[in-house]
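K.L.:
Below are the sequence and a predicted model; questions follow.
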Amino acid sequence: MKKLTAVLISALAFLPVFGQMPLILPLRDQAAVRDQWLSEKIHSVLPDLMRRENIDMWVLISREYNEDPVLKTMLPALWLAARRTTMLVIYDTGSELETLACARYDIGDTFKKSWDPDRQPDQWQRLAEIIAERNPEKIAVNRSDHFGLADGISSWHYDRLKAVLPPDLQNRVTSAEKLAIGWLETRIPAEMTVYQQIVRIAHEIIREGFSDEAVQPGVTTTEDLVWWFRERIRGLGLETWFHPTVDIQRADPENFDHLRAFSKRPDEQVIQPGDLIHVDFGITYLGLNTDTQENAYILKPGETDAPDELKNAFGKGLRLMDILTQEFRPGRTGNEILAAARAKAAEEGLKPSIYTHPIGYHGHAAGPTIGMWDQQGGVPHTGDYPMYPNTAYSIELNTAVFLEAWKKEIRIMMEEDAFFDGSSVRYIDGRQTRLFLIPKPADEPGK
């Protein structure tokens with residue numbers, strides 16, 4: 001299996017030229033890759049995370065169809081849900097991790113069966129025995145005030161766990177909040193090799209959608225294009241984790257409205273020459289997510305390029321992205337990064353709005369929040385979480401720019417997925433550096 005998966009990952013590392021949809025693995029091969037990633041991550045990442053947070057035992061409990069978001073990332077690929085009541089115990093002996101399943105059977109190749117119902121009929125009592133036999137200093141469970149992804153244990157399970165433990169162990173139950181976030185946010189090298197291809201797929205879908213293949217100016221509506229994206233994603237055998245949006249800015253009296261843009265779907269409009277169109281969508285593949293926003297200009301008859309004023313505005317958006325990512329530092333909180341980037345942008349005369357978030361197992365993933373569209377002064381709690389190396393982010397923001405030709409202020413809205421290795425940021429599959437043009441000029445090369 002390892003040899004097969006290594007071959008698959010090597011194949012995935014080859015990236016075709018733009019204009020060709022990358023390889024998408026059959027489901028069976030996807031499962032093999034995901035299971036290898038899980039095994040590698042548990043053995044190479046989890047021990048350091050548990051020691052970083054000074055936790056020697058982590059207990060994860062879920063019922064079928066009410067899965068803890070963290071536990072779900074630890075299930076084997078063939079398990080599409082937990083089974084009955086699923087209990088995982090991870091214990092740091094000091095030299096290695098024990099990975100146990102308080103279950104009638106192994107859970108994948110990693111979590112080993114540790115319950116014999118013939119000897120102990122009560123699953124909860126067996127869990128208490130497993131814990132007591134190891135006598136941990138801390139018993140961490142996924143309970144959190146402010147991070148939903150780290151708050152996966154149900155109220156009943158939490159109360160039941162406390163009830164079956166003897167008093168001396170009850171007092172050792174603690175929150176696994178930072179450990180859970182660390183597990184979810186940390187990316188391993190094997191994932192990042194393939195993540196480039198996953199983001200490339202998203203980029204190629206946008207390239208197709210922002211072209212003559214999907215848009216007929218004067219006929220195609222924004223909702224037509226939204227559903228084109230949905231159908232294209234499904235046709236590739238992939239999923240989207242949120243319904244896409246396509247919106248338009250044009251030379252009319254309507255101004256950008258944050259509340260309209262972020263709180264409700266834009267009204268359906270016919271795409272016309274002279275429009276600036278924008279898409280926001282994400283895909284899920286191999287358990288990882290993308291989140292991308294890119295822009296296109298609809299050429300007027302006789303035009304072969306976007307107006308210089310619009311291209312200059314797009315350049316200001318790119319500059320804001322650079323300002324933000326240059327502020328990434330290990331240990332800096334999301335709020336500190338936000339404040340530093342906004343101050344630098346203001347010094348350069350930009351009008352920024354920054355709402356960047358982690359990306360990975362989830363679209364709006366675990367890790368530091370770097371602004372929200374309606375909280376540019378900082379985000380309590382989730383914005384106070386520090387940045388760690390080997391984490392990925394959707395660099396999401398907009399820049400307000402006044403266009404003399406349109407006599408109004410527009411927003412250049414951008415979002416590209418990036419990886420922070422602890423010293424620098426790289427875009428996982430590059431980023432859009434110039435506007436797409438629709439229809440593509442006859443002599444225009446690919447992206």
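P.N.:
Nice, thanks for sending it over. Numbering: from 1, shown residues only.

K.L.:
Could you report the pLDDT at residue 104?
P.N.:
Looking at residue 104, its pLDDT stands at 89.

K.L.:
Just give me the neighbour total for it.
P.N.:
12 (other CB atoms under 10 Å). To be clear about C-beta, it is placed using only N, CA and C from the backbone, and glycine gets the same treatment.

K.L.:
same thing with residue 304?
P.N.:
Here the number of neighbours of residue 304 (other CB under 10 Å) works out to 10.

K.L.:
For stretch 411-429, buried residues please.
P.N.:
Neighbour-count burial for stretch 411-429, counted by 16 or more other CB atoms under 10 Å, picks out 411-420, 425, 427-429.

K.L.:
Okay, helices next: where are they in the stretch 1-150 of the chain?
P.N.:
For the stretch 1-150 of the chain, the helices defined by DSSP state H, counting those that start in this stretch cover 2-13, 27-44, 46-52, 69-74, 123-134.

K.L.:
now the ones you listed in a markdown table, with distance to residue 389?
P.N.:
Converted to a markdown table, the helices of the stretch 1-150 of the chain look like this (distance: least, CB to CB, whole Å):
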| stretch | distance to residue 389 |
| --- | --- |
| helix 2-13 | 22 |
| helix 27-44 | 14 |
| helix 46-52 | 11 |
| helix 69-74 | 20 |
| helix 123-134 | 31 |
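
K.L.:
can you tell which of these is closest to residue 82?
P.N.:
Residue 82 lies closest to helix 69-74 among the helices of the stretch 1-150 of the chain, at 6.7 Å (CB to CB).

K.L.:
Can you report how many residues neighbour residue 223?
P.N.:
Residue 223, neighbours per other CB under 10 Å, totals 15.

K.L.:
Does the residue lying closest to it once chain neighbours are set aside belong to a helix, a strand or coil?
P.N.:
Leaving aside its sequence neighbours, residue 223 sits nearest to residue 268 (CB to CB, 6 or more residues apart in numbering; 4.4 Å). Per DSSP: H, G, I helix; E, B strand; the rest coil, the local secondary structure of residue 268 is coil.

K.L.:
Domain ranges for the protein, per the record?
P.N.:
46-183, 188-438 (automatic domain parsing).

K.L.:
Now the helix or strand hosting residue 340: average pLDDT?
P.N.:
Remark: residue 340 resides in helix 334-347, with elements defined by DSSP states H and E. Average pLDDT, helix 334-347: 98.

K.L.:
distance between it and the chain's centre?
P.N.:
Mean C-alpha position of helix 334-347 versus that of the full chain (CA atoms, centre = their mean, to the nearest Å) differs by 22 Å.

K.L.:
May I have the strands that pair with whatever helix or strand comes next after it, each with its orientation?
P.N.:
Downstream of helix 334-347, the next assigned helix or strand under DSSP H and E is strand 352-354. Here strand 352-354 has these sheet partners by DSSP bridges: strand 391-403 (antiparallel).

K.L.:
circling back: any chance of TSV for the helices of the stretch 1-150 of the chain, columns distance to residue 393 and mean neighbour count?
P.N.:
Formatted as TSV, those follow (distance: least, CB to CB, whole Å; neighbours: other CB atoms under 10 Å):
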stretch	distance to residue 393	mean neighbour count
helix 2-13	22	14
helix 27-44	19	17
helix 46-52	19	16
helix 69-74	18	21
helix 123-134	36	17
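
K.L.:
circling back: residue 23 is nearest to which of the domains of the chain?
P.N.:
Residue 23 lies closest, by CB to CB, to one member of those: domain 188-438, at 7.3 Å.

K.L.:
For the closest one, measure first residue to last.
P.N.:
Start-to-end span of domain 188-438 (CA to CA, to the nearest Å) is 38 Å.

K.L.:
circling back to that earlier point, pipe the domains of the chain into CSV and attach distance to residue 28 per row.
P.N.:
What follows is the domains of the chain, written out as CSV (distance: least, CB to CB, whole Å):
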stretch, distance to residue 28
domain 46-183, 10
domain 188-438, 13
